[in-house]
Every structure is written in C-alpha cells, then in structure tokens.
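K.L.:
Below is the sequence, then the predicted model.
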Amino acid sequence: MAFTHPEVPPSRSALPASAWARICAARTRLLILDYDGTLVPFRADRMSARAGEPLLSRLREVTERSTLRPVVLSGRPLAELRQLLGGSGLRLVGLHGWEEWTPGQEVVEHAPGAAVRERLEAAARAVAALGWQERLEVKRCALAFHTRGLPPAAARDREQRVGALWEPLGRDRGLRFDRTHGGLELRASERDKGTVVTGLQAGAPEGTLVAFVGDDATDEAAFAALGDQGLSIRVGADLLPTAAQYRLAGPDQVEAFLARWTSLLPARETAS
Ligand SMILES: [Mg+2]
C-alpha cells in the first residue's frame, strides 16, 4: 500500500502505514461511514445508488466482527437508509443526526424547533415559486435542491438562483447552508455530522479509535469534530480543502479500505 499524505492526488493515495498502526493499536474501534459518494458512487436517480452484494456482504462481515456496531451516517432520510442497508446490521443515522435506528430497537426521531421548521418551509416555498420543486427534496429537518443529471450550465444557473435565496438563510441561527456534490442543502444545524460523531465518541469505551469516512461538505463537521483523536478520511477526486487526515480516491478504494479493516478484526467478536 502506498505511503501518502492528504495533499497527494487522491488517485494515488491510500492510508499510510502509520494510520494502520493506529488502527491496530487501538483497544477498540468504531467505524462511521457516510453513504453517497463514499460507499456507493452518485446516481442521478438516488434510489439506484445501491450497494452491490459484495459490499453488503463486506458490511455484514465488519458488523459481525466489530465490538462496537459500525454506523452509517448520512443526510438521507432514515427510511431510505433502511431500504438501502436495512439488512446489513449497521446502525443507521439519517438526516445528519435527526433520525437514528439500531437493528432490534425503535427508531429515534429528534425535531428542530418551530421557528427553524417555519424558515425551512419558507425556503421550500421560494424554490416552488421558481417552478423547480421537482428538483427539491423536502426532508423533515432539511431541504436538498438536486441538480445532478442537468446540463452543467443549467445546473450552475439553478444553483446560483436557489443559492441566492438560501445562503442568507443559512447565516441565521439554527440553519446551515452547504453546496454539496450535485446540489445545495439547507438544514437545521443544531445537529450535524460533527455532533453525531462527538456523541458516538463520548459513548464509546475509553481507548476507542473512532474512524469517519465521508466525501462531502457536510462531512467536514465530522472530520473537524474528530480532530487528532480520531481517524478521518475524505473520499473523492475533488481535492477541495479538508479537515480530514487522509484521502481515498473513491468508493472502490473505500471498499479496499473496508477489506483491510475487516481483516484486522478478531474473527469472533460480537456486535453490541
Ligand atoms: Mg456523501
């Protein structure tokens, strides 16, 4: 495996030996993974972004062999994550932390305050007034405006016009605006991937190494929250600045990372 640093083009990067040494030395490990762009490539039709059987079986194996149940942490609604990954044994956290589910347990839903919900509804109406509601995904605690699949000039134009509406709202207390891969996102900011990772880290036994793998602007909060204490990996070829310690080029390299991660786990630990 090549020895690289985050600034090395991701097409040539993989984790350095020092990272694997930390993974091996940890008393326990907690693996947290984003979904779109990390485990699976993006698709214009979002529900066709499915994990293939080899990846699903890899995820099941990681879960079976981990002391701490691995987590998928995504901006997608929990219902979609359950449809895509329900049989994997993974703990699923949707809507950037507003919805959670552990297999065998009840779904936990958190709700933002009324003022935040009202501002999200107003932001949705503003997009509908432009006639672009077919590109608008209204989630319980967030809005996503999708431009994937549009010709580049049309995507830029729409992102500019919707961004002009949403960006000022994202500066208000309680909301956050992000330009993501394939669109824009406005969401309730009291919870984000950073607060989720911090909570999982706080709940893990002492000596646990928390690793987070993600690919997008909304994953940066998790990289920053982990800091030097955890292990953070940004996926993708965009080479945008990142708080992550390492880079992987794409879902293929993530699958190879998972294979090596799994091979380092004891054979008969039980997920809890
Ligand atoms: Mg992603």
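P.N.:
Yes, it's here. Remember, predicted model here, so these are calculated numbers, not experimental data. Numbering: from 1, shown residues only.

K.L.:
list the contacts for Ser225?
P.N.:
Residue 225: Ala, not Ser. Contact analysis of Ala225 by CB atoms under 8 Å, 6 or more residues apart in numbering lists 193-195, 197-198, 201. C-betas here are computed from N, CA, C, even on glycine.

K.L.:
what do you get if the cut-off is 10 Å, keeping everything else the same?
P.N.:
192-201, 210, 212, 232, 243 (CB atoms under 10 Å, 6 or more residues apart in numbering).

K.L.:
out of those residues, which are buried?
P.N.:
Neighbour counting over the contacts of Ala225 (16 or more other CB atoms under 10 Å) leaves 192-198, 200-201, 210, 212, 232, 243 as the buried ones.

K.L.:
Pick out the most distant pair among these.
P.N.:
For the buried ones among the contacts of Ala225, the farthest-apart pair by CB to CB is Leu200 and Ala243; their separation is 17.4 Å.

K.L.:
Which of the three states applies to Gly149?
P.N.:
Secondary structure, DSSP: H, G, I helix; E, B strand; the rest coil: Gly149 is coil.

K.L.:
Relative to the ion, how far out is it?
P.N.:
Separation of Gly149 from the ion (CB to the ion, to the nearest Å): 17 Å.

K.L.:
can you check Arg156 too?
P.N.:
21 Å.

K.L.:
Who are the packing partners of the helix or strand where that residue lies?
P.N.:
Assessed by DSSP states H and E, Arg156 sits inside helix 152-170. With contacts taken as 3 or more CB pairs under 10 Å, 6 or more residues apart in numbering; DSSP states H and E, helix 152-170 sits against helix 114-129, strand 142-146, strand 175-180, strand 183-188.

K.L.:
Of these, give the one that comes closest to the ion.
P.N.:
The ion sits nearest to strand 175-180 of all these, at 7.7 Å, using CB to the ion.

K.L.:
Could you identify which of the helices and strands packed on helix 152-170 is most buried?
P.N.:
strand 183-188 (a mean of 24; mean count of other CB atoms under 10 Å).

K.L.:
pLDDT of it, averaged?
P.N.:
Throughout strand 183-188, pLDDT has a mean value of 95.

K.L.:
what lines up beside it in the sheet?
P.N.:
Sheet partners assigned to strand 183-188 using DSSP bridges are listed as strand 142-146 (antiparallel), strand 175-180 (antiparallel).

K.L.:
How is the protein divided into domains?
P.N.:
70-78+89-109, 114-188, 201-265 (automatic domain parsing).

K.L.:
quick revisit: ok, the contacts of Ala225 vs the ion, which is closest?
P.N.:
Using CB to the ion, the contacts of Ala225 come closest to the ion at Lys193, 9.8 Å.

K.L.:
Which pLDDT does the model give that closest one?
P.N.:
97.

K.L.:
Same check on the one 10 residues further on?
P.N.:
In this model, Gly203 is scored at 96, pLDDT.

K.L.:
Run a quick neighbour tally on it.
P.N.:
10 (other CB atoms under 10 Å).

K.L.:
residues contacting it?
P.N.:
30, 68.
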